[in-house]
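1. Provided below for reference: sequence and predicted model.
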Amino acid sequence: MSRINTNVQSMITQRVLATNNANLSQSLERLSTGLRVNRGKDDPAGLIASENLRNEQRGLSAAVSNAERADQVANVAESGLAEVSGLLSELQGLVTTTANRAGLSNEERQANQLVVDSILQTIDRVSSSTNFQGIKLLNGNMDYKTSSLNSGVSDFRIGSAKFSGATLGVDVLITQSAQQGGMFLSMGGTTLNLNTASSFVIEISGSKGSRELSFASGTSLATMVSTVNRFTDVTGVTASLSSISSTRVSLATSEFGSAEFASVRVINSAGLNSTNNGVAAATRGVYSKAASAFNTANTTIASTFVNASNAVRDLGQDVGGTINGMTMTGRGKVAKVNGDVLDAELTLSTSRAQTMGHVGTGTNSAFYITGGGAEFHLEGRVSLNGKASLGLQSISVSKLGNSTAGFLKTLGNGQANNLVNGNQDSAQKIIAEAISQVSSARGRVGTFQRNVVGGTIRNLNVAIENTAAAASIIRDADFASETAALTRSQILVSASTNILSLANQAPNSALQLLG
């Protein structure tokens, strides 16, 4: 059948040629851009998935930059803390040297005090000058701000805190009281009444050491107390007259906690267990303290003096409970919690550490964190979970130390703990506390760098690789298959073009019918 007006073969060939041209254009586009998905029509679902993955990759890359910046900030803070640590070590040596009073002239002590004053000034200078891009790091600027501090909390330090609202309440619940180790010595009178010519000899021991003490007949209990207390720095045990009975001496550890203990061993009872002063021998000896009342003796005797050749010993107890629902770690009166949301250390007052229940009035928290801290964002998306915070306390001489031992500034010229005529025992304790605080701060910064920042960077880099690989599979062109498709399209276009030429010539055969 031959027709002239409608060339169906040509129309078919043109459609196929247009399709082949479109395929050729698509192959050329993919090979020139390197992308399989250049616009939505190429793969609508793939475009959505690849765009999400690309955006996630950008966020992860930004998080890596944030983490690297956090590491740089921590490096600057660490350098300042390391310098102060060295200065404190030098200060420790000066205090020890100056304690050798018989070997130092007054001029030498004054010269050492000049060095101490210079060190204190340098510490303050480091505290105020350590900065990152003008942001001061060690002057308290990066410490947490708090409000409504309950009187039951004497000191506190916040390592990190994360919260999304205006404040974060620190709720402390005491379920186990802090206790000293201790016992009573029931002497049967207000003075020692021995039945032999020898002395009453006991060994007092504690966490610091032990001391053997001898008391002659007629020694008052007040004198015994004074003698025991003279060696408290050696033994770690203090003595006092019982407020309940004038015939008892109370012994207690000078500090609180399970690391503390008080021990009494009777080396020579010197007949103190014999009946005298009308008091039965069986009631004289060592009594434990009542579990619920530290100043009250247990009604059952722990050991008579004659049987106390084996030491009678009592341990202290750490405070226990929870902070914001997390189990606290107790050390004496110090409660500590280390979690993702809150890392804090609180020192409780003696009365509060021994009272069960919430530290706060009514429904109030022990205190509230209202802001502050060095905050970094280490995730690809902004969220509370992606925040990492670090509290950097002030290391000025007015802040290093604590309310119990005192503060470093008191070692200055004319202050209570100066090296010329001050209390060097207190100075030693303050320096030890300051060294502990700076070392703890360095450890916390180091842990932040190594575990939080370092771990985050490694994890984010792996996530970036995997995200990029997933996006590449969806979006990038496979050059091998696209090259093959290009070759196929080129051949088909060439063939279609030739066939179209033949199809266009087909109507000419109808002219032959006209003769």
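-> Looks like it came in fine.

2. which strand is the longest one in this structure?
-> Counting by DSSP state E, the longest strand found in the chain is strand 293-304.

3. ok, and for that one, which residues are buried?
-> Thr296, Ala297, Ile301, Ala302, Ser303, Thr304 (16 or more other CB atoms under 10 Å). In this view, the C-beta of every residue, glycine as well, is placed from N, C-alpha and C.

4. mind listing what Ser396 touches?
-> By CB atoms under 8 Å, 6 or more residues apart in numbering, the residues touching Ser396 are Ile123, Asp124, Ser127, Ser128, Asn139, Gly140.

5. let me know the secondary structure of it.
-> coil (DSSP: H, G, I helix; E, B strand; the rest coil).

6. what are the ranges of the helices in this structure?
-> Remark: helices assigned in the chain by DSSP state H are 8-33, 44-98, 106-129, 221-230, 232-235, 350-353, 424-447, 454-475, 479-505, 508-511.

7. quick one: which of the ones you listed is nearest Thr327?
-> When the helices of the chain are compared by CB to CB, helix 350-353 sits nearest Thr327, at 16.4 Å.

8. if you count neighbours, what's buried in that closest one?
-> Arg352, Ala353.

9. dump that helix to PDB, restricted to CA.
-> Only the C-alpha atoms of helix 350-353 are listed here, as PDB (Å, rounded to 0.1, in the frame of the first residue of the first chain):
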ATOM      1  CA  THR A 350      28.300  18.200 108.800                       C
ATOM      2  CA  SER A 351      24.700  18.400 110.000                       C
ATOM      3  CA  ARG A 352      23.300  18.100 106.500                       C
ATOM      4  CA  ALA A 353      25.500  15.100 105.600                       C
END
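
10. and it, average pLDDT?
-> When pLDDT is averaged over helix 350-353, the result is 90.

11. now the buried residues of strand 293-304 in TSV, with pLDDT and distance to Ala506?
-> TSV is the format used below for those (pLDDT from 0 to 100; distance: CB to CB, whole Å):
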residue	pLDDT	distance to Ala506
Thr296	77	122
Ala297	78	125
Ile301	86	128
Ala302	86	123
Ser303	86	126
Thr304	83	132
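
12. where does the prediction get shaky in the stretch 351-500 of the chain?
-> Of all residues in the stretch 351-500 of the chain, none has pLDDT under 70.

13. related to what we said a few turns ago, got JSON lines for the helices of the chain, with distance to Lys409 too?
-> JSON lines is the format used below for the helices of the chain (distance: least, CB to CB, whole Å):
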{"stretch": "helix 8-33", "distance to Lys409": "68"}
{"stretch": "helix 44-98", "distance to Lys409": "12"}
{"stretch": "helix 106-129", "distance to Lys409": "7"}
{"stretch": "helix 221-230", "distance to Lys409": "29"}
{"stretch": "helix 232-235", "distance to Lys409": "24"}
{"stretch": "helix 350-353", "distance to Lys409": "25"}
{"stretch": "helix 424-447", "distance to Lys409": "9"}
{"stretch": "helix 454-475", "distance to Lys409": "36"}
{"stretch": "helix 479-505", "distance to Lys409": "72"}
{"stretch": "helix 508-511", "distance to Lys409": "112"}
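
14. among those helices, which is nearest Leu241?
-> Across the helices of the chain, the minimum distance to Leu241, taken as CB to CB, is reached by helix 221-230, at 5.9 Å.

15. before we move on, back to that, Tyr144 is nearest to which of the helices of the chain?
-> Comparing these against Tyr144 with CB to CB, the closest turns out to be helix 424-447 (13.2 Å).

16. packing partners for the closest one?
-> Applying 3 or more CB pairs under 8 Å, 6 or more residues apart in numbering; DSSP states H and E, we find helix 424-447 packed against helix 44-98, strand 401-402, strand 406-407.

17. again, only this time at 6 Å
-> With contacts taken as 3 or more CB pairs under 6 Å, 6 or more residues apart in numbering; DSSP states H and E, helix 424-447 sits against helix 44-98, strand 401-402.

18. let's have those in JSON lines, adding mean neighbour count and distance to Arg331.
-> Formatted as JSON lines, those follow (neighbours: other CB atoms under 10 Å; distance: least, CB to CB, whole Å):
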{"stretch": "helix 44-98", "mean neighbour count": "17", "distance to Arg331": "22"}
{"stretch": "strand 401-402", "mean neighbour count": "20", "distance to Arg331": "14"}
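
19. in a markdown table, list these along with distance to Met356.
-> Below are these laid out as a markdown table (distance: least, CB to CB, whole Å):
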| stretch | distance to Met356 |
| --- | --- |
| helix 44-98 | 38 |
| strand 401-402 | 25 |
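
20. of all these, which lies closest to Gly134?
-> Gly134 lies closest to helix 44-98 among the helices and strands packed on helix 424-447, at 11.7 Å (CB to CB).

21. and the closest one, average pLDDT?
-> 90.

22. likewise stretch 220-229?
-> For stretch 220-229, mean pLDDT is 94.

23. give me the buried positions along it.
-> Buried positions in stretch 220-229, judged by neighbour count with 16+ other CB under 10 Å: Leu221, Met224, Val225, Thr227, Val228.

24. of those, closest to Asp340?
-> Nearest to Asp340 among those, counting by CB to CB, is Val228 at 47.1 Å.

25. who touches Lys453 in this structure?
-> Careful, residue 453 is Val and not Lys. By CB atoms under 6 Å, 6 or more residues apart in numbering, Val453 lies in contact with Ala67, Ala70, Asp71.

26. for the closest residue to Thr296 other than its chain neighbours, name its beta-bridge partners.
-> Sequence neighbours aside, Ala290 is the residue nearest to Thr296 in space, at 4.3 Å (criterion: CB to CB, 6 or more residues apart in numbering). Note on Ala290: beta-bridge partners Ala293, judged by DSSP bridges.
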